[in-house]
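A.B. asks: here you go, sequence then predicted model.
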Amino acid sequence: MPIKKKLKKYWRRLRSLLEYILLRAGISVLRLFPEHWIRSGMAGLFSLVQFRRNVADMNLQMIYPEKSSDWREQLMKKMYYSYGLTAVETYITPPHKLFPRMDVSGFKLVEKERAKGRGVIIASGHLGNFEMAGRLMAYKAPLGVVIKRQHNPFFDRYANQQRIKDNCTLIHSGNALRPILKLLRHNGIVVIMTDQNARGQGYQLDFLGQPASTHITAARIAIKYSIPVVIAGVIRNEKGYPKLIFSSPIDPEEYEDNEAGYVTLMQKITDNFSEMVNAYPEHWFWVHRRWRHAEQGREWIIDDG
């Protein structure tokens with residue numbers, strides 16, 4: 001390897017390490033203060049900084065063109081405020097203190113499907129504090145989460161260690177099928193984030209009224225192995241803590257075991273998740289470049305007849 005490339009690689013790793021050290025130091029310092037101070041302080045900080053604000057505003061204008069700039073401004077304030085709370089809940093508040101304050105609405109739908117002796121796919125997305133929601137569910141049933149590696153390897157290792165402590169089985173997206181099937185065969189739950197940008201690996205499906213490249217993995221597995229799909233999202237309860245919500249299960253046996261069936265079911269899953277986002281838009285991750293390069297996804301016309 002040329003010296004220039006080696007130096008660039010070492011510098012990237014050193015920068016990642018410094019970022020990680022600063023983050024861990026910040027977490028340690030913040031834990032010294034009363035929690036209600038940290039929650040209000042971080043929520044206020046995120047509301048002030050508003051990272052990727054231009055991306056969020058552009059996305060909102062595209063999806064809700066009929067809404068005024070004042071409406072978008074108010075929604076973004078709520079969104080960033082919630083992001084600040086999510087950061088505190090995920091990295092500062094100990095899980096054993098957070099979990100009792102969280103609410104779960106509709107998990108009986110998941111338990112009912114598991115009682116039939118088969119696993120369940122939970123199709124979710126970037127709606128609310130999905131990180132801690134997954135960890136809470138892992139105490140209720142065997143649960144695996146399909147994850148992507150983060151850019152900072154030190155932070156990636158730290159985040160995964162916290163997930164493992166809370167009973168989560170980690171399934172890396174690059175080689176996911178075998179561990180997914182293993183967990184489902186043991187009547188477990190697999191959480192798949194369905195609002196990721198698939199780019200050239202996905203299909204152009206409708207998401208909130210606009211084409212978005214979408215992975216169809218969840219639908220393919222559901223149909224091939226007769227696994228029910230439940231849509232889940234996270235909002236906030238009256239006290240401001242995460243609240244999990246679930247939709248009625250989707251029966252995959254209603255869809256054909258072929259490419260058309262996979263795409264049609266995935267559109268149904270996406271539509272159901274879109275309904276949650278439309279109902280609670282202040283909780284979705286609008287800074288996500290969800291619709292970017294949608295044209296790279298494969299075109300598919302769904303036959304509604």
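C.D. replies: Right, received. Where do you want to start? Numbers count the residues shown, from 1 in each chain.
A.B. asks: which residues in the stretch 1-150 of the chain form strands?
C.D. replies: Assigned by DSSP state E, counting those that start in this stretch, the strands in the stretch 1-150 of the chain fall at 103-105, 120-124, 143-147.
A.B. asks: may I see those organised as JSON lines, with mean neighbour count, mean pLDDT and distance to Trp286 added?
C.D. replies: C-beta here means a position set from N, CA and C on the backbone, and glycine is covered the same way. Shown next, in JSON lines, are the strands of the stretch 1-150 of the chain (neighbours: other C-beta atoms under 10 Å; pLDDT from 0 to 100; distance: least, C-beta to C-beta, whole Å):
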{"stretch": "strand 103-105", "mean neighbour count": "15", "mean pLDDT": "94", "distance to Trp286": "24"}
{"stretch": "strand 120-124", "mean neighbour count": "26", "mean pLDDT": "97", "distance to Trp286": "17"}
{"stretch": "strand 143-147", "mean neighbour count": "22", "mean pLDDT": "94", "distance to Trp286": "22"}
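A.B. asks: save those strands as TSV, and put in distance to Asp166 too.
C.D. replies: Formatted as TSV, the strands of the stretch 1-150 of the chain follow (distance: least, C-beta to C-beta, whole Å):
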stretch	distance to Asp166
strand 103-105	15
strand 120-124	16
strand 143-147	9
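A.B. asks: of all the ones you listed, which one is nearest Glu254?
C.D. replies: Among the strands of the stretch 1-150 of the chain, the nearest to Glu254 by C-beta to C-beta is strand 120-124 (15.1 Å).
A.B. asks: the closest one - contacts with which helices or strands?
C.D. replies: Here strand 120-124 touches helix 107-114, helix 130-137, strand 189-193, helix 217-224, strand 229-236, helix 259-279, going by 3 or more C-beta pairs under 8 Å, 6 or more residues apart in numbering; DSSP states H and E.
A.B. asks: just checking: what are the partner strands of the shortest one?
C.D. replies: Just to be clear, that refers to strand 189-193. strand 120-124 (parallel), strand 143-147 (parallel) (DSSP bridges).
A.B. asks: mind checking pLDDT for the nearest residue to Gly209 once chain neighbours are set aside?
C.D. replies: By the measure of C-beta to C-beta, 6 or more residues apart in numbering, the closest residue to Gly209 outside its immediate chain neighbours is Ile63, 6.3 Å from it. On pLDDT, Ile63 comes in at 98.
A.B. asks: about what we covered before: turn the helices and strands packed on strand 120-124 into JSON lines, columns for distance to Ser68 and mean neighbour count.
C.D. replies: JSON lines is the format used below for these (distance: least, C-beta to C-beta, whole Å; neighbours: other C-beta atoms under 10 Å):
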{"stretch": "helix 107-114", "distance to Ser68": "37", "mean neighbour count": "16"}
{"stretch": "helix 130-137", "distance to Ser68": "29", "mean neighbour count": "23"}
{"stretch": "strand 189-193", "distance to Ser68": "31", "mean neighbour count": "24"}
{"stretch": "helix 217-224", "distance to Ser68": "36", "mean neighbour count": "23"}
{"stretch": "strand 229-236", "distance to Ser68": "24", "mean neighbour count": "24"}
{"stretch": "helix 259-279", "distance to Ser68": "17", "mean neighbour count": "20"}
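A.B. asks: switch these over to JSON lines; also include distance to His288 and mean pLDDT.
C.D. replies: Below are these laid out as JSON lines (distance: least, C-beta to C-beta, whole Å; pLDDT from 0 to 100):
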{"stretch": "helix 107-114", "distance to His288": "25", "mean pLDDT": "93"}
{"stretch": "helix 130-137", "distance to His288": "12", "mean pLDDT": "96"}
{"stretch": "strand 189-193", "distance to His288": "11", "mean pLDDT": "96"}
{"stretch": "helix 217-224", "distance to His288": "18", "mean pLDDT": "97"}
{"stretch": "strand 229-236", "distance to His288": "14", "mean pLDDT": "97"}
{"stretch": "helix 259-279", "distance to His288": "11", "mean pLDDT": "97"}
